[in-house]
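Asker: Turn this into a model:
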Amino acid sequence: MPRSMTGFGQADENGYHIEVKGVNHRYRDIRVRLPKDLSALEIPVRDLVNEHVARGKVELNVSKIASADVQERLSINWDLAQTYFNDLVQMVQHFGGEVNFRDILMLPGVMAESTRDAEEQWTLIKKAIRAALDSFTLMKIDEGRRLKDDICTRIDYLDSLREKMKASSQEMVQLYRDRLVMRLNELLESKADMVDKTRLEQEVALVADRTDITEELVRLHSHLASFSEAVDSPEPSIGRRLDFILQEINRELNTVGSKSQDAALSRYVIDAKAEVEKIREQVQNIE
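Answerer: Below is the predicted model:
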């Protein structure tokens, strides 16, 4: 089942809020934003995101939320505060004024957020990150399902155009022959009996060989089948493979168009190429 590269997920755990956003990108581009005291965990967080993402630009943001857990980690260095207070009282005695708790709180080291070691912090946020990534993945799968439905409809339409090309190509040689005979008759007028029948048939045979699109249509059929198989694959990351197959489909359509001697066949090719571009736009969203 294909997955979209676009999605969003979030989770709140252990005093942390996690947000994951994904958009289209040709390669895998992961950006992690952490609070300053968690900067040492960037590599394990990035590795965890890598497990869930094969392609796309993904941003993961970790922020702290006001919770009892966070508040418990705020501590006061009472010994240092007392020392500061004693010093400030002495300064007041010399210079005048008064001392209040706000003056002491502004001094460095009095109030600080107690720190945990990296392993303890990682245990706290790992569960939240996994929950956010799971939510993110579910959204990508849901969007991928819609993309698949649309793409499959368009592939079926492409295959119907291929059948029309095949039918049109079977009449192309006869149309060319009739056109050539008519032109020769117009040029020779009453001397139509001077037309070299053998030479005429040779010319028609040459054109038939140059305009034969049987091989191209066979390969086109094979590419369409391969595309459908890839879309139905249980593999989640198939975007690059689909893009490659589309290039091959477009290549065959270009060749058919260059060989076309029939207006109807040319229209089918134009319609098919337009449909390929619509499919390509959808494939650009697939991981």
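Asker: In the protein, mark out all the helices, start to finish.
Answerer: Secondary structure of the chain by DSSP state H: the helices cover 42-52, 68-72, 78-95, 101-105, 118-188, 197-211, 214-232, 239-259, 263-283.
Asker: What is the fifth one packed up against?
Answerer: Packing contacts for helix 118-188, counted by 3 or more C-beta pairs under 8 Å, 6 or more residues apart in numbering; DSSP states H and E, involve strand 7-13, strand 16-23, helix 42-52, strand 56-64, helix 197-211, helix 214-232, helix 263-283. The C-beta positions use only the backbone N, C-alpha and C, and glycine is treated the same way.
Asker: That one - what's its average pLDDT?
Answerer: In this model, helix 118-188 carries a mean pLDDT of 84.
Asker: swap in the second one?
Answerer: The pLDDT scores in helix 68-72 average 47.
Asker: again, but for the fourth one
Answerer: The average pLDDT within helix 101-105 is 80.
Asker: Please spell out which residues along that helix are buried.
Answerer: Along helix 101-105, these residues count as buried under the neighbour rule (16 or more other C-beta atoms under 10 Å): I104.
Asker: For it, which helices and strands make contact with it?
Answerer: By 3+ C-beta pairs under 8 Å, 6+ apart, helix 101-105 packs against helix 78-95.
Asker: Now do the helix it packs on: which elements does it pack against?
Answerer: Packing partners of helix 78-95 (3+ C-beta pairs under 8 Å, 6+ apart): helix 101-105.
Asker: got the contact list for stretch 17-27?
Answerer: Stretch 17-27 has contacts (C-beta atoms under 8 Å, 6 or more residues apart in numbering) with 5-12, 49, 53, 55-65, 125, 128-129, 131-133, 135-136, 140, 284-285.
Asker: burial count for L34?
Answerer: Applying other C-beta atoms under 10 Å, we find 18 residues neighbouring L34.
Asker: what about the nearest residue to it once chain neighbours are set aside, how many neighbours?
Answerer: Nearest-residue entry for L34: V62, 4.9 Å, with adjacent residues in sequence omitted and distances by C-beta to C-beta, 6 or more residues apart in numbering. Counted with other C-beta under 10 Å, residues neighbouring V62 total 20.
Asker: In contact with V62, which residues?
Answerer: Shown in contact with V62 (C-beta under 8 Å, 6+ apart): 16-18, 32-35, 38, 45, 125, 128-129.
Asker: That one pairs with what?
Answerer: Beta-bridge pairing of V62 under DSSP bridges involves I18.
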